[in-house]
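Participant: Structure for this input, please:
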Amino acid sequence: MPPKADINKAGWEQSDFPILCETCLGPNPFVRMSKQEFGRECGTCARPFTIFRWNPGEGGRFKSTVICQTCAKIKNICQTCLLDLQFGLPVQARDTALAIKSEAPTSEVNREWYAQNQDGKLAANESLVKTGRVGSAAKDMLQQLARSDPYYKRNRPHLCSFFAKGECNRGTECPYRHEMPQDKDDPLARQNIKDRYHGRNDPVARKIMSGYAATKGLVPPEDPTVQSLFLTPLPQNATEDSIRARVVQALPLLSPSDIRSVVHVSKSRSAFINFTSRNAAERAAEAWAGGLDWDGAVVGVKWGRSKNRAGAGNAAAGPSTSGAKEAEEEAVAAE
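Facilitator: Numbers count the residues shown, from 1 in each chain. As a prediction, this is how the structure comes out:
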């Protein structure tokens, strides 16, 4: 008689090969992997899954899978580095460009239930992330940010803790890197799997998006009170409600409560989006660095003017409650 199946293992993952990007797999075409079924719980859904471990190449560190294949397919990411398989970007950067809102629960109570339900929706070798219908501004952003070639530098060994203390005596035979660690206050030194997977508070994505916004002329003004963005030209049929709905839809990391007010001036086909915080305004500026897609057209985006320096001719713009005069002036300057 065959042994009874363990009901506790129902829904646990058993796989023959991991989902990896080219960088994590390494340049060696003859990779040897070790496999251990149910060797670890997934870093996001906490379900046991099959672990794969391998050396990506000479001089590299041993790497292993950290999330299950179901979670990797849901986000279309590598099981090891958690970067998008198509664009090579962090989840937060990709979802910001595509305006994808994360539906996965972050609480421990619901995450396993969610993963089991999504597992049934996944077809073989397919992901739930669809990139077929992408606006021109988002497509341009992804093309400029995407990494097309492998970046094997990510496979380097970890830093040697003994070298940092000045106590390593192994010299060139030490398998770890002899470099000083980053400052503990550096945001890049503080990362975790769940934030990277769900696309929230990811310092790597923030660095990528802020750098892209800077190249497009959307450097945050020095005045910290500036919390508004100026949009022009808007469609003729745009209304305050439609603008607010479009803004909320295009900002996956923000909520309607992050928008203080929308000042629409139909005469100049422009609007001010006033945010409740400077951080929310900066996230919006990064998301719309290439413009805001609106029914096939691209709406231009600029930082508003600082009220404190408006009289001195400064071209910056802060939050406004009326905003009509300021919007008309901005529209004239943009022509």
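
Participant: Would you mind giving the secondary structure of the closest residue to residue 201 other than its chain neighbours?
Facilitator: In space, and not counting its chain neighbours, residue 201 is closest to residue 195: 4.9 Å by C-beta to C-beta, 6 or more residues apart in numbering. In this view, the C-beta of every residue, glycine as well, is placed from N, C-alpha and C. For residue 195, the secondary-structure state derived from DSSP: H, G, I helix; E, B strand; the rest coil is helix.

Participant: Begin at 816 from now on, thanks
Facilitator: Sounds good: first residue 816 from here, last item residue 1010.

Participant: any idea how far residue 1010 is from residue 1021?
Facilitator: Applying C-beta to C-beta, to the nearest Å, the value for residue 1010 to residue 1021 is 11 Å.

Participant: In the stretch 916-1065 of the chain, mark out all the helices, start to finish.
Facilitator: For the stretch 916-1065 of the chain, the helices defined by DSSP state H, counting those that start in this stretch cover 926-936, 951-960, 976-979, 1008-1013, 1018-1030, 1055-1065.

Participant: buried sites along the last one?
Facilitator: This means helix 1055-1065. Residues of helix 1055-1065 classed as buried by neighbour count (16 or more other C-beta atoms under 10 Å): 1058, 1059, 1061, 1062, 1063, 1065.

Participant: Now do it: distance to the chain's middle.
Facilitator: Here the centre of helix 1055-1065 is set off from its chain's centre by 21 Å, with C-alpha atoms, centre = their mean, to the nearest Å.

Participant: Now do it: which elements does it pack against?
Facilitator: When contacts are defined as 3 or more C-beta pairs under 8 Å, 6 or more residues apart in numbering; DSSP states H and E, helix 1055-1065 sits against strand 1074-1080, strand 1085-1090, strand 1107-1109.

Participant: Can you tell me which helices and strands the last one packs against?
Facilitator: Read it as strand 1107-1109. With contacts taken as 3+ C-beta pairs under 8 Å, 6+ apart, strand 1107-1109 sits against helix 951-960, helix 1055-1065, strand 1112-1118.

Participant: Output those as JSON lines; include the columns mean pLDDT and distance to residue 1093.
Facilitator: Output for these, formatted as JSON lines (pLDDT from 0 to 100; distance: least, C-beta to C-beta, whole Å):
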{"stretch": "helix 951-960", "mean pLDDT": "89", "distance to residue 1093": "22"}
{"stretch": "helix 1055-1065", "mean pLDDT": "91", "distance to residue 1093": "17"}
{"stretch": "strand 1112-1118", "mean pLDDT": "93", "distance to residue 1093": "11"}
